[in-house]
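Colleague: Next come a sequence and a model predicted from it.
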Protein chains: 2
Amino acid sequence: MNEKISKAVIARLPKYYRILVDLQDKGVKRVSSKELSAILKSTASQVRQDFNNFGGFGQQGYGYNVDELLNQIQRILGLGSSYKTIIIGSGNIGQALANYKGFSNGGFKLEAMFDLNPKIVGLKVNDVKVLDYSELPAYLEANEVDIAYLAVNEQNAQEVTNVLLKGGVKGIWNFTPVDLEVTGDTVIENVHLIDSLYIMSYYLKGEAR
Amino acid sequence: MNEKISKAVIARLPKYYRILVDLQDKGVKRVSSKELSAILKSTASQVRQDFNNFGGFGQQGYGYNVDELLNQIQRILGLGSSYKTIIIGSGNIGQALANYKGFSNGGFKLEAMFDLNPKIVGLKVNDVKVLDYSELPAYLEANEVDIAYLAVNEQNAQEVTNVLLKGGVKGIWNFTPVDLEVTGDTVIENVHLIDSLYIMSYYLKGEAR
C-alpha cells in the first residue's frame, strides 16, 4: 500500500468524484480549484494539495479538464472494476442496501444474501434470493467474494466476520457498531450512523451555537 | 456559529466520544494523547491539536481524565440535549432507522413516521405509527420537530424538504442522494453511503495496491 496518502485525503476523493460526474453530466469541460472548493465548501489550496498527492492534474491558469480529472480519480479509487458482493443479515438495513440501485451502477454487483431468520430466508430482494446463513461457508468455498455487507445483530458480528475471513472475503462493509477484529489485509469500512447524528447535534445545540 | 473550528475537527469528535464512552465503561480513569491516537489510528499531535481548538483539556505528563474529557466532548457536541425527530419515508431505510436503539439512547426521540404508500401507512415500527404523508403539514404546525430523517425517493426529496422547512424543522438528516436546497440556518447532514463503498474500492483495488 501507498502509506503516504492520508486517510483524510482518501475520504475526500469520493466527493470529488461525485462532483465531477455531476459537472460532466452538465457538459462542463473545465473547472478551477477555486470552483471545486466552493462546491466542496473547502479551500482552493486544499483542493490543489489533495491532487498534488497524486502528482497534480491541473494546469496553471487553465484549471482542470473535467473529463481527465474524472478519469484520474476513477483510476485512483479503483472504480471501473467490478466487485462481487454479498449481504449478511437481510433485515431492514440489508434489504435497503440490496434495493439501492446506485451500488450496482457503481460496479458493486450483489450476488447473494443470507439471514438466520426463517421468515426472511427464501425472500427475493431486487431479484436476489436470501439464503440460509448455514449455507454461507459452502457458498464462500464455491464463490469468490470481494465485499460482504455486514448488517447482522451486534452479538453475531464477530462470529460472522470470522466465517467471512475464513472464506477469503477481501473487504467488510460494517453496519454493526462493533469494532471488528480482523487478520491480514482484510479491508474494513465502518458505517457509524450515530456519528452523523452527533455532528448534527453539534450544529444544532452544541458549541457551534 | 463558531466558524473557526474546521469541519474536519468536528467530524472527529463523535469518534473521540465513542472511544471515551468505551474507556469509561471499561473503568479506565486516564488516557494519554498517544493512547487515544493509537485507537484512532491518528497521531498524538493531532489529538492534542484537536482538543486545543476547545481550549485543551489535558495536563502535561498526566494526559486526560477520561470522565472530564467525556463530559467536555458531550457538552461541545450538545449531547445530553433531547431531540424530537420524525422519519419521512418509512420504507426499508426509514424502518431500519426507527428500529435502531442507539439513537433513542443518545437523546434522539422518534415521535412520528410518515409515508405515501398505503401498504406502509398505519404500520407500527418500534411503537411509532406510520402516518399518511398528507398529514405532515398539520403535524408540523402542531408539533415542534428538531430533526427530520429524510428517506424518501430521490424525486420527492426537494419537495418534502420544502414542506419540512416551512414547518420549522431545524435539521434534516438526508439519506437521499440529492443535494438539498435549504434556506436560513437549517442544518443538513448528508449520508452518502456510496462514498464509503468508493473508499473501500480504493483500499481493495485502487492506487493503494
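Modeller: Arrived safely. Computed from a prediction, not measured in an experiment: that's the story for all the values here.
Colleague: number of nearby residues for A:L197?
Modeller: When neighbours are counted by other C-beta atoms under 10 Å in any protein chain shown, A:L197 registers 27. The way it works is simple: take the backbone N, C-alpha and C, and place the C-beta from them, glycine included.
Colleague: if I look at it, how far off is B:L70?
Modeller: A:L197 sits 17 Å away from B:L70 when distances are taken as C-beta to C-beta, to the nearest Å.
Colleague: Just checking stretch A:179-193 against chain B, any contact.
Modeller: Yes. Stretch A:179-193 reaches chain B (C-beta under 8 Å from any C-beta of the partner chain) through A:V187, A:E189, A:V191, A:H192, A:L193.
Colleague: Same question for stretch A:28-40.
Modeller: No. Legend: contact between stretch A:28-40 and chain B by C-beta under 8 Å from any C-beta is lacking; minimum distance shown is 9.2 Å.
Colleague: confidence score at the residue nearest to A:G206 when sequence neighbours are not counted?
Modeller: Setting aside the residues directly before and after it, A:G206 is nearest to B:G78 in space (C-beta to C-beta, 6 or more residues apart in numbering or on different chains), at 3.1 Å. Note on B:G78: pLDDT of 91.
Colleague: residues in contact with B:G78?
Modeller: By C-beta atoms under 8 Å, 6 or more residues apart in numbering or on different chains, the contact list for B:G78 reads A:S201, A:Y202, A:L204, A:K205, A:G206, A:E207, A:R209.
Colleague: same thing but at 7 Å, please
Modeller: For B:G78, the contacting residues are A:S201, A:Y202, A:L204, A:K205, A:G206, by C-beta atoms under 7 Å, 6 or more residues apart in numbering or on different chains.
Colleague: Next, check those against the helices and list the overlap.
Modeller: Counted as lying in helices by DSSP state H, out of the contacts of B:G78, are A:S201, A:Y202, A:L204, A:K205.
Colleague: out of the residues you listed, who's nearest B:V125?
Modeller: The nearest member of these to B:V125, counting by C-beta to C-beta, is A:S201 at 23.0 Å.
Colleague: Name the helix or strand for A:A138, please.
Modeller: For A:A138, the host element (DSSP states H and E) is helix A:136-142.
Colleague: then that helix to CSV, C-alphas only?
Modeller: This file holds the C-alpha atoms of helix A:136-142, laid out as CSV (Å, rounded to 0.1, in the frame of the first residue of the first chain):
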residue,chain,number,x,y,z
LEU,A,136,-22.5,-19.3,3.9
PRO,A,137,-19.3,-21.4,4.4
ALA,A,138,-20.1,-23.6,1.4
TYR,A,139,-21.1,-20.6,-0.6
LEU,A,140,-17.7,-18.9,0.1
GLU,A,141,-15.9,-22.1,-0.8
ALA,A,142,-17.6,-22.2,-4.2
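Colleague: So in that sheet, which strands flank the helix or strand that comes right after it, and in what orientation?
Modeller: Using DSSP H and E, the helix or strand that follows helix A:136-142 in sequence is strand A:147-150. Sheet pairing here is set by DSSP bridges, and for strand A:147-150 it gives strand A:83-88 (parallel), strand A:171-174 (parallel).
Colleague: Work out the gap between the shortest one and the centre of the chain.
Modeller: Using C-alpha atoms, centre = their mean, to the nearest Å, we find the averaged C-alpha position of strand A:171-174 to lie 9 Å away from the chain's own average C-alpha position.
Colleague: Just the residues contacting that strand, thanks.
Modeller: Residues contacting strand A:171-174 (C-beta under 7 Å, 6+ apart): A:146-150, A:161, A:164, A:180, A:186-191, B:196-197, B:200, B:204.
Colleague: Drop anything exposed from those.
Modeller: A:146-150, A:161, A:164, A:180, A:186-191, B:196-197, B:200, B:204 (16 or more other C-beta atoms under 10 Å in any protein chain shown).
Colleague: got the CA coordinates for the longest helix that chain A contains in PDB?
Modeller: As assigned by DSSP H, the longest helix anywhere in chain A is helix A:7-25. Taking Å, rounded to 0.1, in the frame of the first residue of the first chain, the C-alpha atoms of helix A:7-25 are listed here in PDB:
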ATOM      1  CA  LYS A   7      -7.000   8.800   5.200                       C
ATOM      2  CA  ALA A   8      -8.400  12.300   5.200                       C
ATOM      3  CA  VAL A   9      -7.400  12.800   1.600                       C
ATOM      4  CA  ILE A  10      -8.800   9.500   0.500                       C
ATOM      5  CA  ALA A  11     -12.000  10.300   2.300                       C
ATOM      6  CA  ARG A  12     -12.400  13.400   0.200                       C
ATOM      7  CA  LEU A  13     -11.900  11.600  -3.200                       C
ATOM      8  CA  PRO A  14     -15.500  10.200  -3.400                       C
ATOM      9  CA  LYS A  15     -16.800  13.800  -3.100                       C
ATOM     10  CA  TYR A  16     -14.600  15.000  -5.900                       C
ATOM     11  CA  TYR A  17     -15.700  12.000  -7.900                       C
ATOM     12  CA  ARG A  18     -19.400  12.800  -7.400                       C
ATOM     13  CA  ILE A  19     -19.000  16.500  -8.100                       C
ATOM     14  CA  LEU A  20     -17.100  15.700 -11.300                       C
ATOM     15  CA  VAL A  21     -19.700  13.200 -12.500                       C
ATOM     16  CA  ASP A  22     -22.200  16.000 -11.900                       C
ATOM     17  CA  LEU A  23     -20.200  18.600 -13.800                       C
ATOM     18  CA  GLN A  24     -19.600  16.100 -16.700                       C
ATOM     19  CA  ASP A  25     -23.400  15.400 -16.800                       C
END
